[in-house]
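Colleague: Pasting a predicted model and its sequence here:
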Amino acid sequence: MVERDDVLALLVPFGLGSGVLSPGPVALGRVGAVWRLDTDDLSWAVKANGNGDTEAGAGSSAGFQEAAVHAGVSAPGVRRTHDGTVLAHLGGGRTVRVLEWVDLADPDIALDPAAVGELLGGLHRVPDGPWASGMPATVDPWFTRPVGAPAWDALIASLAEAGAPFAPAYAAHRDELVALETLVEAPVRLRACHRDLFADNLRARGGGGLCAFDFDNAGPQDPDHELAFVLTEFATDASGAVDPVRARTLVEAYAAAGGPGRLRGPGSFSMVIAVLGHIGQLAGERWLGADDASARDDMAQWAGELTGRPLTRAVVTELLDVTR
């Protein structure tokens with residue numbers, strides 16, 4: 001846990017030693033929290049993480065974010081320390097980074113699909129820079145590797161035995177999950193991508209327009225796969241049903257903005273299949289390992305990302321059909 005005094009002490013390296021820090025976090029994530037700092041002229045988002053970030057990894061993702069802003073993509077600016085680093089360290093794997101504050105609306109999967117496609121196209125046109133050398137040469141398995149039938153079967157059995165409230169939904173979706181994973185293909189045309197553009201991280205700005213943020217997971221990926229990921233998030237409704245008009249509008253706007261990705265077949269959906277699978281797996285494992293009701297409730301809610309808007313082979317087929 002990062003305390004307020006820790007955050008205050010680490011603002012000095014960023015040249016932000018004066019100002020008013022929020023009494024507590026204004027947003028909480030899976031691995032950290034965001035505080036708001038108001039100075040005389042600007043406001044800042046102070047992001048405290050407990051996931052053992054390294055400067056090498058943070059520097060490459062922040063460099064991509066800075067390059068995106070420079071290229072005209074709507075994203076928060078990065079504040080670096082006096083030494084040019086992105087992170088200040090608290091010890092124990094805890095870090096703080098500082099970003100430009102942006103007033104954002106709540107997550108909304110019904111954002112203007114043309115604006116979503118245009119922003120993603122711009123993001124995929126960001127040229128490589130020195131920061132790219134700090135990114136891994138290969139794609140993390142979180143974005144590429146199926147969970148697999150044996151792991152699903154073992155997890156579902158454990159959840160059922162423990163009485164997890166979402167165990168029946170997992171069991172009902174099991175065959176579809178395994179079938180979807182047969183579609184997964186390795187990424188081929190790698191470039192720097194955001195890799196986490198759920199509606200949580202692509203939102204409307206308070207003053208209009210969109211904003212992509214939380215570039216912490218940025219890294220190499222096939223833009224075909226990220227296009228399909230974003231399409232799945234923003235062209236299906238709250239029950240997971242495809243909206244053909246939104247789908248076509250998003251893909252056409254992406255192409256018009258110069259985006260290099262294309263929906264080439266079911267394999268283009270590899271990243272969204274893998275990521276949703278790993279989220280569902282991790283939520284289940286953490287529910288089993290939780291030792292209090294609040295933590296279990298949180299993991300049960302997270303598990304809903306897998307089954308609440310279920311991705312199916314029929315959804316993949318329809319998205320491909322309506323965008324051709």
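Modeller: In hand now; what should we look at? Residues are numbered from 1 along each chain as shown.
Colleague: Going along the chain, name the helices of the stretch 101-250 of the chain.
Modeller: Assignment of helices within the stretch 101-250 of the chain using DSSP state H, counting those that start in this stretch yields the ranges 113-123, 149-162, 167-181, 223-234, 244-256.
Colleague: Serialize those helices to TSV and add fields for distance to Leu90.
Modeller: For glycine as for every other residue, the C-beta is placed from the backbone atoms N, C-alpha and C. TSV is the format used below for the helices of the stretch 101-250 of the chain (distance: least, C-beta to C-beta, whole Å):
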stretch	distance to Leu90
helix 113-123	31
helix 149-162	34
helix 167-181	37
helix 223-234	32
helix 244-256	40
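Colleague: Among these, which comes closest to Ala204?
Modeller: helix 113-123 (8.6 Å; C-beta to C-beta).
Colleague: Also compute the angle for that closest one relative to helix 223-234, please.
Modeller: For helix 113-123 against helix 223-234, the angle by axes from the mean of the first three to the mean of the last three C-alpha atoms, to 10 degrees is 150 degrees.
Colleague: which of the helices of the stretch 101-250 of the chain is buried the deepest?
Modeller: Among the helices of the stretch 101-250 of the chain, ranked by average contacts under mean count of other C-beta atoms under 10 Å, first place goes to helix 223-234 (a mean of 27).
Colleague: pull the CA atoms of stretch 52-62 into PDB?
Modeller: Listed next in PDB are the C-alpha coordinates belonging to stretch 52-62 (Å, rounded to 0.1, in the frame of the first residue of the first chain):
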ATOM      1  CA  GLY A  52       7.600  -3.800  -9.500                       C
ATOM      2  CA  ASP A  53       7.800  -1.600 -12.500                       C
ATOM      3  CA  THR A  54      11.300  -1.100 -13.900                       C
ATOM      4  CA  GLU A  55      12.600   2.100 -15.400                       C
ATOM      5  CA  ALA A  56      13.500   0.200 -18.600                       C
ATOM      6  CA  GLY A  57       9.900  -1.000 -19.100                       C
ATOM      7  CA  ALA A  58       8.300   2.300 -17.900                       C
ATOM      8  CA  GLY A  59      10.700   4.300 -20.000                       C
ATOM      9  CA  SER A  60       9.800   2.500 -23.300                       C
ATOM     10  CA  SER A  61       6.000   2.700 -22.700                       C
ATOM     11  CA  ALA A  62       6.300   6.300 -21.700                       C
END
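Colleague: Identify the residue spatially nearest to the most centrally placed residue in the chain, adjacent ones excluded.
Modeller: The residue lying closest to the centre of the chain (C-alpha atoms, centre = their mean) is Asp196, at 2.1 Å. Sequence neighbours aside, Asn217 is the residue nearest to Asp196 in space, at 4.3 Å (criterion: C-beta to C-beta, 6 or more residues apart in numbering).
Colleague: the bottom helix or strand of this structure by mean pLDDT?
Modeller: Averaged element by element with mean pLDDT, DSSP states H and E, the chain has its least confident helix or strand at helix 4-9 (a mean of 73).
Colleague: residues making contact with it?
Modeller: 21, 23-24, 35, 46, 48, 90, 94, 96 (C-beta atoms under 8 Å, 6 or more residues apart in numbering).
Colleague: Just the buried residues out of those, in PyMOL syntax.
Modeller: To isolate the buried members of the contacts of helix 4-9 in PyMOL, using 16 or more other C-beta atoms under 10 Å:
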select buried, resi 21+35+46+48+90+94+96
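Colleague: If we only consider the contacts of helix 4-9, which is nearest to Gly209?
Modeller: Using C-beta to C-beta, those come closest to Gly209 at Val46, 23.6 Å.
Colleague: In the sheet, which residues pair with that closest one? Tell me.
Modeller: In this entry, Val46 is beta-bridged to Trp35, Val98, by DSSP bridges.
Colleague: Would you mind confirming that it makes contact with Leu37?
Modeller: Yes - proximity of Val46 to Leu37 meets the contact threshold set by C-beta atoms under 8 Å, at 5.3 Å.
Colleague: what residues do these two have in common as contacts?
Modeller: Common neighbours of Val46 and Leu37 (criterion: C-beta under 8 Å, 6+ apart): 11, 21, 98.
Colleague: What is the longest helix that the chain contains packed up against?
Modeller: In the chain, taking DSSP state H as the definition, the longest helix is helix 270-289. Judged by 3 or more C-beta pairs under 8 Å, 6 or more residues apart in numbering; DSSP states H and E, the packing partners of helix 270-289 are helix 149-162, helix 167-181, helix 223-234, helix 293-307.
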